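Undergrad: coords below, sequence missing:
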């Protein structure tokens, strides 16, 4: 059975394959080509080792993502690059430097916003555990997006990298 994350990423890869590995994007009156780069998948052993080392418990849909691609860069412009980095397990450790807050950890940097998984929400069984915060803000300043990682990645891909959470 294919999960929601796998379906969203496979759809994106299919679009890229049909368009010579680039996607036509429109933003601020400009049309440009962008591409996506996917890392090799993480193994079950790497994920378990990460959880043991950090004490963090990753939600199932995020583990599904890691088993497909252990991090990726999405919607990069060939001319100017991009700032849509979904972190690998190693990057999570390297880029989560804020004062700990209820097991929160950053999983992506999207144009100076951090996408955060709230481990405290997961521990309480909350299925809506994704938060967003400014890259200079503390975790306490983040706001809940009322969705899971699977819902977030699906929406982010369908909105072609737009910060849909700013439009609410």
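TA: Nice, thanks for sending it over. Being a predicted model, the structure only gives us computed values, none of them experimental.

Undergrad: so which residues of this protein form strands?
TA: Under the criterion DSSP state E, strands of the chain are mapped to 23-27, 30-38, 72-77, 84-86, 104-110, 113-118, 130-134, 143-144.

Undergrad: shaky segments in this protein?
TA: Applying pLDDT under 70 to the chain flags residues 1-2, 10, 13, 15-34, 77-82, 100, 168.

Undergrad: try it again with 90
TA: 1-38, 54-57, 72-84, 95-103, 111, 119-120, 123, 153-154, 156-164, 166-168 (pLDDT under 90).

Undergrad: before we move on, back to that, and residue 65, which of the strands of the chain is closest to it?
TA: Ranking the strands of the chain by distance to residue 65, with CB to CB as the measure, places strand 84-86 first at 7.6 Å. Quick note: C-beta positions are derived from backbone N, CA and C, even for glycine.

Undergrad: and that closest one, what other elements does it pack with?
TA: Packing contacts for strand 84-86, counted by 3 or more CB pairs under 8 Å, 6 or more residues apart in numbering; DSSP states H and E, involve strand 72-77, strand 104-110.

Undergrad: deepest of those, which one?
TA: For the helices and strands packed on strand 84-86, ranked by mean neighbour count under the definition mean count of other CB atoms under 10 Å, the leader is strand 104-110 at a mean of 22.

Undergrad: who's in contact with that strand?
TA: Strand 104-110 is touched from outside by 54, 56, 62, 83-87, 92, 95-96, 98, 114-120, 131, 135, 139, 142, 149, 156, 161, 163, with contacts defined as CB atoms under 8 Å, 6 or more residues apart in numbering.
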